[in-house]
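>>> What follows is a protein structure lacking sequence information:
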């Protein structure tokens with residue numbers, strides 16, 4: 001018996017078509033779900049406060065990924081919600097994702113109520129990732145709006161200290177003195193930094209770690225070069241100091257440190273190039289240089305080494321005009337007057353040097369003895385007297401106030 005194949009083939013074709021229709025229908029259904037589902041799962045912007053509150057609860061329960069997911073969803077539909085962004089920064093910080101934390105804190109708008117705390121938190125996140133220059137900028141911006149914040153002053157003080165930027169640390173503390181309700185901690189640290197500055201042997205390991213983690217920061221590279229210089233490794237020091245100059249050739253601290261290094265190592269040509277007339281530098285830097293006593297002291301030393309005594313005397317007088325009680329300036333000035341045959345002027349300079357050095361030494365005894373931790377009324381009065389002789393009138397007055405309050 002012969003079977004007609006046509007009906008069979010027709011039946012199979014019908015079955016295949018049905019299956020194809022079913023597959024298409026299923027695909028279309030999933031496609032619709034895929035389109036609709038994201039829209040239906042997006043948070044309602046009008047319920048932002050409730051969503052943030054829930055995210056805070058999740059964060060408190062250590063459920064950080066869930067809190068992050070919730071806040072990211074909210075920011076998709078409400079990107080200007082500053083509280084959500086600030087909380088998201090906290091979530092990332094607690095996850096130790098410091099880069100993302102800094103990004104979120106850094107995107108808070110200046111007009112937001114969260115701007116100030118975001119600056120502080122971004123600085124902490126930058127410090128965790130060794131981005132010292134960005135941390136410094138965030139801390140300085142915070143102090144522009146809240147100049148008397150003790151914790152921020154302390155944070156910035158130690159950032160400067162660890163980079164051998166002692167003068168900037170002392171300036172920071174001095175400028176905060178008139179604004180402080182309790183000036184004693186600032187006065188304490190001013191004396192501690194003066195007599196116990198950072199030490200190259202102790203700081204070099206930290207600076208190496210920072211530089212390895214985030215290379216190319218001019219201030220860190222310079223500090224590392226300074227350490228090698230003080231440890232007697234001049235070749236390594238030169239390489240790093242010149243690298244810092246390349247990174248930022250118009251940075252005041254780098255120019256002054258490099259010029260000092262070249263003077264000490266006998267490379268007068270390079271020192272001369274750096275101590276060129278101020279007019280060869282950008283306008284803002286020219287002003288900084290003219291107002292910095294170290295600049296004039298360096299130029300005086302260079303002129304002296306080149307046997308240019310009149311120019312050396314002129315520059316040291318400018319340095320003393322800006323900083324009249326700096327002992328090494330007075331000593332250098334006396335040496336220049338003596339070399340010029342002006343023996344009476346030299347004698348006066350050396351006598352003044354001895355008077356200041358005596359007070360400086362007495363203050364060192366106070367600091368080294370630990371008396372600053374719990375100073376007596378008499379200690380405060382003596383400290384004030386020595387500071388007054390050294391020309392530090394603001395500090396002297398505040399130590400007198402502390403003595404009077406006892």
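Yep, that arrived. Here the structure is a predicted model, which is why all the values come from computation and not from measurement.

>>> and residue 256, what does it touch?
Counting by C-beta atoms under 8 Å, 6 or more residues apart in numbering, residue 256 touches 292, 294-295, 298. In short, each C-beta sits where N, CA and C put it, glycine included.

>>> Name the SS class of it, please.
Classification of residue 256 using DSSP: H, G, I helix; E, B strand; the rest coil returns helix.

>>> quick one: low-confidence parts of the protein?
Low-confidence segments of the chain, defined by pLDDT under 70: 1-41, 45-46.

>>> give me that answer again for 90
Per-residue confidence for the chain (pLDDT under 90) gives these ranges: 1-64, 77-78, 148, 276-280, 406.

>>> which one is the residue nearest in space to the middle of it nearest to, not counting chain neighbours?
Nearest to the mean C-alpha position of the chain, by C-alpha atoms, centre = their mean, lies residue 136 at 2.4 Å. Among residues not flanking residue 136 along the chain, residue 159 sits closest, at 5.9 Å (C-beta to C-beta, 6 or more residues apart in numbering).

>>> Now do the strand or helix carrying the one you found: which elements does it pack against?
If you go by DSSP states H and E, residue 159 is part of helix 150-162. Helices and strands touching helix 150-162, by 3 or more C-beta pairs under 8 Å, 6 or more residues apart in numbering; DSSP states H and E, are helix 115-128, helix 132-145, helix 166-176, helix 184-195, helix 200-213.

>>> Now for the residue nearest to the centre of the chain: which residues touch it?
Residues in contact with residue 136 (C-beta under 8 Å, 6+ apart) are 156, 159, 219.

>>> Need the buried ones from those residues selected in PyMOL.
Filtering the contacts of residue 136 down to the buried ones (16 or more other C-beta atoms under 10 Å) takes a single PyMOL command:
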select buried, resi 156+159+219
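
>>> Return the member of the contacts of residue 136 nearest to residue 204.
If you rank these by distance to residue 204 using C-beta to C-beta, residue 219 comes first, at 15.1 Å.

>>> just checking, that closest one touches residue 134?
No - using C-beta atoms under 8 Å, residue 219 is not in contact with residue 134, being 11.4 Å away.

>>> Can you show me the strands along this protein?
Counting by DSSP state E, the chain has no strands at all.

>>> re earlier: so which of the helices and strands packed on helix 150-162 is the most surrounded?
Highest mean neighbour count of the helices and strands packed on helix 150-162: helix 115-128, a mean of 22 (counted as mean count of other C-beta atoms under 10 Å).

>>> which other helices and strands contact that helix?
Short answer (3+ C-beta pairs under 8 Å, 6+ apart): helix 115-128 packs on helix 82-94, helix 98-106, helix 132-145, helix 150-162.

>>> And that helix, how far out from the chain middle?
The chain centroid and the centroid of helix 115-128 are separated by 11 Å under C-alpha atoms, centre = their mean, to the nearest Å.

>>> Stretch 281-301 too?
Centroid separation between stretch 281-301 and its chain, computed with C-alpha atoms, centre = their mean, is 23 Å.

>>> Equivalent analysis for stretch 179-189, please.
Using C-alpha atoms, centre = their mean, the distance between the centre of stretch 179-189 and that of its chain works out at 21 Å.

>>> what does it contact?
With C-beta under 8 Å, 6+ apart as the criterion, stretch 179-189 contacts 147-148, 150, 153, 157, 173-174, 176-177, 372, 395, 398-399, 401-402.

>>> Go again with 6 Å.
Surrounding stretch 179-189, the residues in contact under the criterion C-beta atoms under 6 Å, 6 or more residues apart in numbering are 147-148, 173, 176-177, 372, 398.

>>> Selection in PyMOL covering whichever of the residues you listed are buried, please.
Typed into PyMOL, the line below selects the buried ones among those, using 16+ other C-beta under 10 Å:
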select buried, resi 173+176+372+398
